[in-house]
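S.K.: Requesting a structural model of the entry that follows:
(chains A and B)
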There are 2 protein chains.
Amino acid sequence: MSLSLSLSQLPSRVRLIDVGPRDGLQNEKTPVPAEVKIGLVQRLQDAGLQEIEVTSFVSPKWVPQMADNAQVMAGIQRQPGVHYSVLTPNLQGYQASLASQPDEIVVFGAASEAFSQKNINCSIAESIERFAPVVQAALAAGIRVRAAMSCTVGCPYEGDIAPERVAYLAGLLKQIGVQRVDVADTIGVGTPRKVQAAIEATLRHYPIDDISGHFHDTYGQALSNTLAALELGVWNFQSSVAGLGGCPYAKGATGNVATEDVVYMLHGMGIDTGIDLDKLIDAGSYISDFLGRQSHSRVAVAMLNRRAG
Amino acid sequence: MSLSLSLSQLPSRVRLIDVGPRDGLQNEKTPVPAEVKIGLVQRLQDAGLQEIEVTSFVSPKWVPQMADNAQVMAGIQRQPGVHYSVLTPNLQGYQASLASQPDEIVVFGAASEAFSQKNINCSIAESIERFAPVVQAALAAGIRVRAAMSCTVGCPYEGDIAPERVAYLAGLLKQIGVQRVDVADTIGVGTPRKVQAAIEATLRHYPIDDISGHFHDTYGQALSNTLAALELGVWNFQSSVAGLGGCPYAKGATGNVATEDVVYMLHGMGIDTGIDLDKLIDAGSYISDFLGRQSHSRVAVAMLNRRAG
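M.R.: Here you go, the predicted structure:
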């Protein structure tokens, strides 16, 4: 734990990757039309988000919510300086995504063997082999490649995940050329020291600038874990506007940490994000209103109460 | 900020003061009978809580929810090693509490002049003068005295509160003999660095062992703030089972941080609390079921989902 910094030495700037349109909406039961997704992406970039995970190119048989991927990518008004990423779990998906000109593709792997087997029916090593040609093709085409590492702290089937398993996965991803990785607490069971251990394991293969934190708020720990990651120097984080999303494979897992809550904490600590919190609240209201439910963001709820005066 | 410790140097043990029966239930609209309050206290001590804020001795005209104070104090089955505290805002309340033999009495003061005026119709200095004879009487009777310092980070009327104001309040409380103080973020607007600044201001007058953190979760920041306080060495915290409570004077303020959520984080970090989380979840279910609503604790919701299997 010798890498820990005190609060006085935290990064002065953080970049947030909003995964709401993809990771968030892919688990929604309410069908969300392409124009609403496009409207959400527009509002996120208007609020200052510089990275947005827009959709996934995956079989509509598996994820019907993302069947409109090409339509959404074609409909967004791209803004200079904003990066748009898409999930491409296989070569077919990757090829289908090319016409949409993503700035970055995302593959994934689990730090838990049991999760890998149950989620994608193969071992961790096999899953990485499958991704290798996707990564190779993307890099050859000049497209950035990120990998989401799931279950880096805990697994719904195996329980606690040893940092060694995270290092193993990170090493495999590095070998096939993945440029940066997300340390994801997919089921939100992590606490600060465990999250730091997963990040430290990842640091054996990736520099701090290429690591992002992705924390779910199932047990209310996501912001503490964000703070713990900041103390290691992590300055890239994933979050989801209005706390959209969850994990269909992880029983009891609720949403991603809300972007609004992360931004509130960071701004309160004097850390720059380039995001306008009021506009972000509006983006969250837009999608929450469409879904007909209250936002999962505590900051959004508190600030909307205030606005209502 | 030079006092910050890294995560490797946090306290190894934390003591939690559950304020649910008093601070939590005093703002409930649903009338809670004395036997339910007694049942809640029983379940909290069975779960391993060593400090419980049971009730307040205040005019029933102001806080009708606590009119059964003597009945509740008489009904609880005291357990050796557990401390039972009561709020006594004036000499009349203090005298009324004596028959109940509290282990500790609690007075309060605000770090915000505007809040003090709106809450108790007097200046901060005047409020401390009023508490002086209460403190004096309690100390003479061998009863411990704690003070809750409200609005130490932000105020619903004044906005940000300067650490100087916290130091001023802490100094006044020290002068009248108050033995330990709570640094409360009454409206939950604090973030880690601001909370650390409020604690550091308090450290000018009180040693770390006599300072407790009291964070509301209105903006979802309470656990991050707890982590930030731990990094300064704070090892006493207040929390409320099931996240009961709020602040009737602070518009939009929702509950205290849930004891379950704090315990989950601390245990996940290897920090001992002496609390059995499963029994604590049961205590939270007992009162949430009575109130007919879902717990505000994310840990309780997640663990009850799991139990339901």
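S.K.: check which helix or strand covers A:Gln117.
M.R.: helix A:113-120 (DSSP states H and E).
S.K.: which residues touch the spatially closest residue to A:Ala132 that is not a sequence neighbour?
M.R.: Nearest non-adjacent residue to A:Ala132, counting by C-beta to C-beta, 6 or more residues apart in numbering or on different chains: A:Ile176, 4.4 Å away. C-beta coordinates here come from the backbone N, C-alpha and C atoms, glycine included. Contact partners of A:Ile176, counting by C-beta atoms under 8 Å, 6 or more residues apart in numbering or on different chains, are A:Ile128, A:Phe131, A:Ala132, A:Val135, A:Gln136.
S.K.: Could I get the contacting residues of the residue of the stretch 51-200 of chain A found nearest chain B?
M.R.: Using C-beta to the nearest C-beta, the closest approach of the stretch 51-200 of chain A to chain B is made by A:Thr191 at 2.8 Å. Each residue near A:Thr191 by C-beta under 8 Å, 6+ apart is listed here: A:Gln221, A:Ser224, A:Asn225, B:Tyr264, B:Met265, B:His267, B:Gly268, B:Met269.
S.K.: what's the distance between it and B:Asn225?
M.R.: 15 Å (C-beta to C-beta, to the nearest Å).
S.K.: Among the contacts of A:Ile176, name the ones in helices.
M.R.: A:Ile128, A:Phe131, A:Ala132, A:Val135, A:Gln136 (DSSP state H).
S.K.: filter the residues you listed to the buried ones?
M.R.: A:Ile128, A:Phe131, A:Ala132, A:Val135 (16 or more other C-beta atoms under 10 Å in any protein chain shown).
S.K.: And for the first one, nearest residue in space, chain neighbours not counted?
M.R.: In this case it means A:Ile128. Of all residues beyond its chain neighbours, the one nearest A:Ile128 is A:Leu172 (4.4 Å), with distances taken as C-beta to C-beta, 6+ apart.
S.K.: Does that neighbour lie in a helix or a strand, and which?
M.R.: helix A:163-175.
S.K.: So for A:Ser8, what's the pLDDT?
M.R.: Listed pLDDT for A:Ser8 reads 67.
S.K.: Next, A:Leu280: secondary structure please.
M.R.: helix (DSSP: H, G, I helix; E, B strand; the rest coil).
S.K.: What residues does the nearest residue to it once chain neighbours are set aside make contact with?
M.R.: In this structure, A:Leu280 finds its nearest non-sequential neighbour in A:Ala47, 4.2 Å apart by C-beta to C-beta, 6+ apart. Contacts for A:Ala47 (C-beta under 8 Å, 6+ apart) come out as A:Ile275, A:Asp276, A:Lys279, A:Leu280, A:Asp282, A:Ala283.
S.K.: Go through the residues you listed and give me the one with the most neighbours.
M.R.: In terms of neighbours by other C-beta atoms under 10 Å in any protein chain shown, these top out with A:Leu280 at 30 neighbours.
S.K.: Can you pull the residues of the stretch 51-200 of chain A lying near chain B?
M.R.: A:Gly188, A:Val189, A:Gly190, A:Thr191, A:Pro192, A:Arg193, A:Lys194, A:Gln196 (C-beta under 8 Å from any C-beta of the partner chain).
S.K.: So what does the third one have for phi and psi?
M.R.: So that's A:Gly190. With angles defined as degrees, to the nearest 10, A:Gly190 sits at phi -70, psi 150.
S.K.: My guess is it contacts B:Gly268. True?
M.R.: Yes. Between A:Gly190 and B:Gly268 a contact is recorded at 7.4 Å, counting by C-beta atoms under 8 Å.
S.K.: Compare those two (neighbour count), which wins?
M.R.: Remark: of A:Gly190 and B:Gly268, A:Gly190 carries more neighbours, 32 against 21, as counted by other C-beta under 10 Å.
S.K.: how would you label the residue nearest the centre of chain A: helix, strand or coil?
M.R.: For chain A, A:Gln238 is the residue whose C-alpha lies nearest the centre (C-alpha atoms, centre = their mean; 4.1 Å). For A:Gln238, the assignment made with three-state DSSP gives strand.
S.K.: returning to what we had before: who does the helix holding A:Gln117 touch, helix- and strand-wise?
M.R.: Judged by 3 or more C-beta pairs under 8 Å, 6 or more residues apart in numbering or on different chains; DSSP states H and E, the packing partners of helix A:113-120 are strand A:104-110, helix A:124-140.
S.K.: between these, which one is nearest to A:Ala147?
M.R.: Closest approach to A:Ala147 among the helices and strands packed on helix A:113-120 (C-beta to C-beta): strand A:104-110, 5.0 Å.
S.K.: out of the residues of the stretch 51-200 of chain A next to chain B, which is most surrounded?
M.R.: Greatest neighbour count in those, by other C-beta under 10 Å, goes to A:Gly190: 32 neighbours.
S.K.: Now do the contacts for that one.
M.R.: Counting by C-beta under 8 Å, 6+ apart, A:Gly190 has contacts A:Val153, A:Gly154, A:Ala198, A:Phe215, A:Gln221, A:Asn225, B:Gly268.
S.K.: Out of those, flag the one nearest to B:Asn90.
M.R.: For the contacts of A:Gly190, the nearest to B:Asn90 is A:Gln221 (40.3 Å; C-beta to C-beta).
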